[in-house]
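Asks: Quick one, structure for this:
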Amino acid sequence: MAIQALSTSISSTIVSPDDSFLLDYQAREALLNAQPANIQRALELQASLIARAILDHQSPLRFMLPENVVCGFDEYGEPLLVAVPIHQREQKVGGLLDRLKASDFNLYLKRLEESPDGAISTCGRLLRHTIARYLVYRFLPLPQQIDQNQRLFSGYALEFFMPQWIALDDQDNLLVNSVEEAWASMASMQRYLSILNLAARLAPYFIHAEEYQQS
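Replies: Sure thing, here's the model as predicted:
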């Protein structure tokens, strides 16, 4: 019943925060959407590299801030594109003998967000958001779609969000072909939960994203 217990624990990550989380989520989405398409693509590329490095504990982690970033709007509602200082565009976290942890990178992001330079602090907020977006939108596996080309899951497994994870029924009877396959299902679920929890640790407000709520 261990796999079923882990599946149930997913719902415990979805809490009911105060309205400030929703406002934070909406503000970060608006800030990201205000960026020109090339800046959004640059942020998404860096977010993908950073997310994988954190999950794999790769150190040192090097990433780049964009050349310019929209920090706000002028009195006419036009976006204000501000240059990121060239000497601060290249960023490095950790050393050769370190194992990069999410908590370390979270502190690094906070330092960027607290920078007195508006472009740097905006980049910090945007990176935090795009990393969470990448983890939830692009890195999480989709719920299994059942069709005639896939193996048939048991009726018990089909009651769950990801039936391919369910290797045991409520009486601990094996639902897959082997114990090894059951362990593989467990590993897949644990990976899913680690990604979901990483997104929530880096950006707690991201629980308001529709894709997160469906996870």
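Asks: alpha carbons only for contacts and neighbour counts from here, please
Replies: Will do.
Asks: In this protein, what helix or strand scores lowest on average pLDDT?
Replies: The weakest-scoring helix or strand in the chain, judged by mean pLDDT, DSSP states H and E, is helix 2-9 (a mean of 39).
Asks: what residue ranges in the protein score low on pLDDT?
Replies: Filtered on pLDDT under 70, the chain yields the residue ranges 1-18, 141-177, 179, 182-188, 210-215.
Asks: That one: strands as residue ranges?
Replies: For the chain, the strands defined by DSSP state E occupy 61-64, 68-73, 79-83, 90-93.
Asks: mind listing what's buried in the third one?
Replies: Buried residues in strand 79-83, defined by neighbour count with 16 or more other C-alpha atoms under 10 Å: 79, 81, 82.
Asks: Contacts only, for the second one.
Replies: To tie it back to what came earlier, the one meant is residue 81. Each residue near residue 81 by C-alpha atoms under 8 Å, 6 or more residues apart in numbering is listed here: 68, 69, 70, 71, 72.
Asks: Who is it paired with across the strands?
Replies: On the basis of DSSP bridges, residue 81 is bridged to residue 70.
Asks: For it, give its distance to residue 45.
Replies: The gap separating residue 81 from residue 45 is 20 Å, by C-alpha to C-alpha, to the nearest Å.
Asks: same thing with the first one?
Replies: The gap separating residue 79 from residue 45 is 22 Å, by C-alpha to C-alpha.
Asks: Just confirm residue 80 contacts residue 73, I think it does.
Replies: Yes. Look at residue 80 against residue 73 with C-alpha atoms under 8 Å: they come within range, at 5.1 Å.
Asks: For the chain, which segments are assigned as helices?
Replies: Secondary structure of the chain (DSSP state H): helices located at 2-9, 19-33, 37-55, 102-113, 118-133, 179-202, 210-214.
Asks: can you give me the angle the fifth one makes with helix 37-55?
Replies: Taking axes from the mean of the first three to the mean of the last three C-alpha atoms, to 10 degrees, helix 118-133 and helix 37-55 form an angle of 60 degrees between their directions.
Asks: Residue 100 versus the nearest residue to residue 196 once chain neighbours are set aside, what's the distance?
Replies: Sequence neighbours aside, residue 136 is the residue nearest to residue 196 in space, at 6.8 Å (criterion: C-alpha to C-alpha, 6 or more residues apart in numbering). Separation of residue 136 from residue 100 (C-alpha to C-alpha): 20 Å.
Asks: okay, the two: which has more neighbours?
Replies: residue 136 (25 against 21; other C-alpha atoms under 10 Å).
Asks: How much space separates the more buried one from residue 192?
Replies: Distance from residue 136 to residue 192, by C-alpha to C-alpha: 10 Å.
Asks: list the contacts for residue 67?
Replies: 83, 84, 85, 86, 89.
Asks: And it, how far from residue 42?
Replies: For residue 67, the distance to residue 42 - C-alpha to C-alpha - is 10 Å.
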